[in-house]
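Engineer: next come a sequence and a model predicted from it.
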Amino acid sequence: MPKYLLRRWHGYHVVALLVIALIFMGILSIYNWKIGLFGFAALAFVLILMFMAKGKFEEELVDYISTLSYRINKAGEEAVTNLPIGIVLYNENGTIQWVNPYINDLLDEEYIGKPLEVLNATLAKQASEEEKEFLITLAEKNYRILHEPNERLLYFFNVTEEQEIKELFERDKTVIGFIFLDNYDEVTQGMEDQLRSKLLTRVTEALNRWSQNYDILLRRTASDRFIAIFNEEALEALEENRFTILDEVREATAKEKVALTISFGIGSGESSLRELGGLAQSSLDLALGRGGDQVAIKQKNGKVRFYGGKSNAVEKRTRVRARVISHAIRDFIFESDKVLIMGHKNPDMDSIGASIGMLKIAEANGKTGFIVLDPTDMNSSVTKLVEEIQNNDQLWANFITPEEALEESTDDTLLVVVDTHKPSLVVEPKLLNKVERIIVIDHHRRGEEFIQEAVLVYMEPYASSTAELVTELLEYQPNHPKLNVLESTALLSGIIVDTKSFALRTGSRTFDAASYLKSKGADTILVQQFLKEDLNQYIKRAKLVESAYIYDGGIAIANGGSNETYGQILIAQAADTLLNMNGVVASFVISMLEDGRISISARSLGEVNVQVIMEKLGGGGHLTNAATQLEDIELDDAEEFLKEKIDEYFKGGNSS
């Protein structure tokens with residue numbers, strides 16, 4: 001009888017069959033006792049066979065289960081001892097209680113009873129923090145650890161090959177770079193063809209050597225543009241060398257008595273060539289917006305790294321762009337119902353002067369203009385100018401508070417932001433979201449934070465001040481705006497303050513703008529009246545300067561002390577004063593502000609890019625003029641932090 005039938009003939013089924021068979025045999029015996037007797041005998045024989053088969057089946061089943069259990073236990077033991085996976089058991093004190101042979105064979109040491117640190121220095125910490133999965137290095141190989149905190153059990157999976165493949169993939173990722181000769185058109189304008197060809201040859205030779213050294217595909221797309229295609233490994237090598245190609249091109253062209261520089265915009269971290277191209281173009285725009293002669297590397301997450309920026313932005317001798325921008329602004333004004341002009345928080349002379357200039361452009365084109373000014377957020381340096389404006393009822397009527405500006409704005413309002421391009425620094429950030437059309441006019445080097453919604457951006461880092469840029473825009477307005485003495489003097493004040501009386505960042509166009517304003521009645525005596533300072537403030541600044549010392553290589557650092565607070569303007573003035581001392585190439589003044597923040601003002605004569613150093617501290621500015629504010633840090637710690645960034649600048653280049 002088949003075994004599967006025997007497995008079903010048990011319990012009630014068997015009893016029921018026996019009862020039926022006995023009843024049948026009983027009935028049969030009534031009619032024929034001989035046949036009935038034979039039937040009972042046959043039934044007894046079948047029962048005996050069934051019980052014998054059942055006994056044999058149970059015996060085989062027991063043997064089968066025993067064999068299977070043995071094999072399962074043996075397989076488990078073999079898996080634990082022979083699988084290429086490390087297993088470690090530890091107790092609540094972080095002491096190893098048991099390891100499988102894989103771990104012993106891996107390191108050929110005895111670890112029972114020793115702390116987890118003997119395997120890896122960070123293993124105990126990660127285990128105590130109950131991390132479920134993490135990576136460690138063991139015997140020069142990479143392992144992924146799967147952790148069972150409740151069981152205090154660690155599984156070691158060798159992922160060395162996987163990590164190597166991943167690293168290879170990351171190194172081979174495509175990187176796209178756009179290269180631009182910053183001032184090629186300016187430099188070669190009027191140059192003989194032979195000299196222009198010789199200059200371009202020097203640049204091309206330097207770039208070709210550079211591309212061969214780093215295995216880069218380089219192709220020219222225009223007389224002043226190149227495209228470079230390489231990988232992340234080459235990019236890493238370039239960053240290690242701080243993009244020395246910038247210096248090579250600058251030095252090569254200097255031999256031809258020409259100051260020609262290049263800028264790089266690089267996109268990395270993406271697999272899509274289209275997205276890489278977009279990042280590269282965005283990076284190039286950022287590099288050019290910061291004055292050129294530098295490299296900007298951008299990834300999709302928005303993080304940007306900068307290299308270079310050692311030279312000042314080269315002044316553009318042609319005013320074609322200024323004329324085009326001036327006419328474009330005129331068209332935008334015509335399409336608007338009113339114009340709101342806004343500078344940065346805690347405004348200076350340049351911000352207010354440029355705002356007045358834009359107000360005159362709006363009025364010249366028949367539109368009402370308003371300047372947004374917060375009376376509660378002004379420093380002492382502009383107090384005299386604002387007081388003079390308040391005495392002029394006609395001009396003061398165009399100044400409104402941030403709250404009034406929000407009420408005045410409509411869908412057709414044009415907002416002009418001057419002397420800043422960072423949303424966090426404007427007088428009223430809410431205005432940026434309320435109006436649809438924004439124009440940005442600024443002379444600072446472009447930073448990562450930027451007003452993205454702008455319909456027109458006029459940023460020229462070569463300019464001395466925003467007042468200079470606005471003055472040129474005034475000159476090219478077809479309706480020739482009329483300036484009175486106060487208005488032209490306010491613009492001239494912005495230029496004089498930002499150039500330190502025409503000593504820094506001054507080009508030929510700066511003097512042209514000043515000459516134009518002078519012809520419109522600008523009063524230099526009135527400028528001096530605006531710039532006069534209080535005697536107590538002078539003494540306080542002298543005390544701040546007195547704390548200065550020379551740190552290294554002509555770097556002057558002054559610390560105002562934790563028991564004294566100074567205003568932002570006074571700190572900046574102290575930095576300017578230190579720059580006039582013999583042997584000082586850059587100055588840094590650190591002081592406590594009244595609101596508890598730490599302020600650092602930085603100045604240089606051009607040899608040191610203080611903007612890069614301040615960017616490392618979360619600030620920004622110009623190559624020769626920058627600043628930052630730090631929170632939640634002690635004054636002495638801020639000084640040490642500054643020294644650390646100065647050392648990084650001189651030791652490792654000036655990336656940021």
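Structural biologist: In hand now; what should we look at?
Engineer: could I get the phi/psi values of Ser591?
Structural biologist: Backbone dihedrals for Ser591, given as degrees, to the nearest 10, come out at phi -150, psi 160.
Engineer: could you check how far the closest residue to it other than its chain neighbours is from Glu546?
Structural biologist: Taking C-beta to C-beta, 6 or more residues apart in numbering as the measure, Ser591 lies nearest to Gly560, with 3.4 Å between them; neighbours along the chain are not counted. No exception for glycine: its C-beta is placed from N, CA and C like everyone else's. With distances taken as C-beta to C-beta, to the nearest Å, Gly560 is found 10 Å from Glu546.
Engineer: tell me which of these two has more neighbours.
Structural biologist: For Gly560 versus Glu546, the count of surrounding residues by other C-beta atoms under 10 Å is larger for Gly560: 23 against 9.
Engineer: residues contacting that one?
Structural biologist: Under the criterion of C-beta atoms under 8 Å, 6 or more residues apart in numbering, the neighbours of Gly560 are Leu544, Ser547, Tyr566, Ile571, Val589, Ile590, Ser591, Met592, Leu635.
Engineer: and which of those residues is nearest Asn433?
Structural biologist: Within those, the smallest distance to Asn433 is 32.2 Å, found for Ile571 (C-beta to C-beta).
Engineer: residues in contact with stretch 133-143: which ones?
Structural biologist: By C-beta under 8 Å, 6+ apart, stretch 133-143 touches 86, 106-107, 119-120, 122-123, 126, 144-147, 156-160, 162-163.
Engineer: just the buried ones from the residues you listed?
Structural biologist: When burial is judged by neighbour count using 16 or more other C-beta atoms under 10 Å, the buried members of these are Gly86, Leu106, Leu119, Asn120, Leu123, Gln126, Ile145, His147, Phe156, Asn158, Val159, Gln163.
Engineer: quick check: closest non-adjacent residue to Gly267.
Structural biologist: Ranked by C-beta to C-beta, 6+ apart and with sequence neighbours excluded, the top spatial neighbour of Gly267 is Leu279, at 2.8 Å.
Engineer: so how far is Asn142 from the one you found?
Structural biologist: Distance from Leu279 to Asn142, counting by C-beta to C-beta: 30 Å.
Engineer: quick one: which of the two has more around it?
Structural biologist: A count of neighbours by other C-beta under 10 Å puts Leu279 above the other of Leu279 and Asn142, at 27 against 18.
Engineer: surely the more buried one meets Asp285?
Structural biologist: No - contact criterion C-beta atoms under 8 Å: Leu279 and Asp285 do not qualify, at 10.8 Å.
Engineer: picking that back up, out of the contacts of Gly560, grab the one that's most surrounded.
Structural biologist: Each of the contacts of Gly560 was scored by neighbour count (other C-beta under 10 Å); the top score is that of Val589, with 30 neighbours.
Engineer: hang on, the earlier thing: which residue in the contacts of Gly560 has the weakest pLDDT?
Structural biologist: Comparing pLDDT over the contacts of Gly560 singles out Tyr566 as the least confident position, at 88.
Engineer: please enumerate the strands of the stretch 351-500 of the chain.
Structural biologist: Secondary structure of the stretch 351-500 of the chain (DSSP state E, counting those that start in this stretch): strands at 368-372, 399-400, 414-418, 437-442, 456-459.
Engineer: can you check the stretch 151-300 of the chain too?
Structural biologist: Per DSSP E, counting those that start in this stretch, the stretch 151-300 of the chain carries strands over the ranges 153-158, 174-181, 217-222, 225-231, 262-267, 294-298.
Engineer: Lys422 is nearest to which of those strands?
Structural biologist: Among these, strand 294-298 comes nearest to Lys422, with 16.7 Å by C-beta to C-beta.
Engineer: can you list contacts of the closest one?
Structural biologist: Defining contact as C-beta under 8 Å, 6+ apart, one finds that strand 294-298 is touched by 235, 239, 243, 246, 263-268, 279-280, 282-284, 286-287, 290, 304-309.
Engineer: let me see the mean pLDDT of it.
Structural biologist: Throughout strand 294-298, pLDDT has a mean value of 90.
Engineer: pull up the pairing partners for the next helix or strand after that strand, direction included.
Structural biologist: Stepping forward along the backbone from strand 294-298, the first helix or strand reached (DSSP states H and E) is strand 304-308. Listed by DSSP bridges, the sheet partners of strand 304-308 and their directions read strand 294-298 (antiparallel).
Engineer: show me where pLDDT drops low in the stretch 201-350 of the chain?
Structural biologist: Counting by pLDDT under 70, the low-confidence segments of the stretch 201-350 of the chain come to 309-318.
Engineer: what domains does the record give for the chain?
Structural biologist: If you go by automatic domain parsing, the domain ranges for the chain are 3-80, 86-164, 172-308, 320-531, 535-652.
Engineer: need the helices for the stretch 101-250 of the chain, in chain order.
Structural biologist: Secondary structure of the stretch 101-250 of the chain by DSSP state H, counting those that start in this stretch: the helices cover 101-107, 123-128, 160-171, 184-188, 193-213, 232-240, 245-254.
Engineer: contact partners of the fifth one?
Structural biologist: Translated: helix 193-213. Defining contact as C-beta under 8 Å, 6+ apart, one finds that helix 193-213 is touched by 179, 181, 187-188, 191, 216-218, 220, 223, 226, 228, 245, 248-249, 252-253, 255-256, 258, 260, 262.
Engineer: list the beta-bridge partners for the nearest residue to Glu151 once chain neighbours are set aside.
Structural biologist: The spatially closest residue to Glu151, leaving aside those adjacent along the chain, is Leu89, at 7.9 Å (C-beta to C-beta, 6+ apart). Note on Leu89: beta-bridge partners Trp98, Leu153, judged by DSSP bridges.
Engineer: Leu89 touches Glu148, doesn't it?
Structural biologist: No - assessed by C-beta under 8 Å, Leu89 is found out of contact with Glu148, at 9.9 Å.
Engineer: who has more neighbours, those two?
Structural biologist: Per other C-beta under 10 Å, whichever of Leu89 and Glu148 has more neighbours is Leu89, with 15 against 12.
Engineer: tell me how far that one lies from Gln97.
Structural biologist: Following C-beta to C-beta, the distance that separates Leu89 from Gln97 is 5 Å.
Engineer: same thing with Leu235?
Structural biologist: Taken as C-beta to C-beta, the spacing of Leu235 relative to Gln97 amounts to 47 Å.
Engineer: so these two - more neighbours on which side?
Structural biologist: Applying other C-beta under 10 Å to Leu235 and Gln97 shows that Leu235 carries more neighbours, namely 20 against 13.
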